[in-house]
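Q: predicted model follows, preceded by the sequence.
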Amino acid sequence: MERITISMSDELAQDFDTLIKARGYTNRSEAVRDLLRERLAAEKLAHHAAPFCVAALSYVFDHHARDLAERLTTIQHAHHDLVLSSMHVHLDHVDCLETLMLRGPTVDVVALADALRAEPGVRHGHLNIVPVDVGDMHTHPHPHSHAHPLMPR
């Protein structure tokens, strides 16, 4: 493991310490590593260097909105190859939270997320993408592919 030294203003260091404490880090090093991993992953996505991803899409919607739940389900079924699973939570008498676990070509995952978030009545949509290398199919008794994160460990 390589050791580096970072200089920063006292104010920035205090703000950083407040942030890492709030997020439960035990030291600055692990927090800096996570920030770097996050930024490097974002750069890969921004420069199309990550053709495949796994992702979590969460959004809140009004289940009373006309045909909205049906439209969302129809969109998901049209992209069944990308949707690994979904979880639906009733927040109150009106609002529902839905979280989808997605996997596939990054451009397709982003397009699906954009389509779902664009539906009238959908609010607070957020997509968290992890770029992956899908690797080759493995010859186990049950063939499957592995999705290795494209981030430094």
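A: Right, received. Where do you want to start?

Q: and the helix or strand hosting Leu97, how far from the chain's centre?
A: Per DSSP states H and E: Leu97 is located in strand 95-105. Distance, stretch centre to chain centre, for strand 95-105: 9 Å (CA atoms, centre = their mean, to the nearest Å).

Q: so what strands line up beside it?
A: strand 52-62 (antiparallel), strand 83-90 (antiparallel) (DSSP bridges).

Q: and the ones you listed as TSV, adding mean pLDDT, mean neighbour count and distance to Asp114?
A: Where C-beta positions appear, they are placed from N, C-alpha and C, glycine not excepted. Shown next, in TSV, are those (pLDDT from 0 to 100; neighbours: other CB atoms under 10 Å; distance: least, CB to CB, whole Å):
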stretch	mean pLDDT	mean neighbour count	distance to Asp114
strand 52-62	94	20	10
strand 83-90	96	12	15
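
Q: can you put those strands in a markdown table and add distance to Arg123?
A: Formatted as a markdown table, the strands paired with strand 95-105 follow (distance: least, CB to CB, whole Å):
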| stretch | distance to Arg123 |
| --- | --- |
| strand 52-62 | 5 |
| strand 83-90 | 14 |
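
Q: so which of these is nearest Ala115?
A: Closest approach to Ala115 among these (CB to CB): strand 52-62, 10.5 Å.

Q: got the CA coordinates for the closest one in PDB?
A: Taking C-alpha atoms only, strand 52-62 is exported to PDB below (Å, rounded to 0.1, in the frame of the first residue of the first chain):
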ATOM      1  CA  PHE A  52     -21.400  -2.200 -18.000                       C
ATOM      2  CA  CYS A  53     -22.800  -1.500 -14.500                       C
ATOM      3  CA  VAL A  54     -24.800  -2.500 -11.600                       C
ATOM      4  CA  ALA A  55     -27.100   0.100 -10.100                       C
ATOM      5  CA  ALA A  56     -29.800   0.900  -7.600                       C
ATOM      6  CA  LEU A  57     -32.600   3.200  -8.700                       C
ATOM      7  CA  SER A  58     -34.900   4.600  -6.000                       C
ATOM      8  CA  TYR A  59     -37.900   6.900  -6.500                       C
ATOM      9  CA  VAL A  60     -41.000   8.000  -4.700                       C
ATOM     10  CA  PHE A  61     -44.300   8.200  -6.500                       C
ATOM     11  CA  ASP A  62     -48.000   8.900  -5.800                       C
END
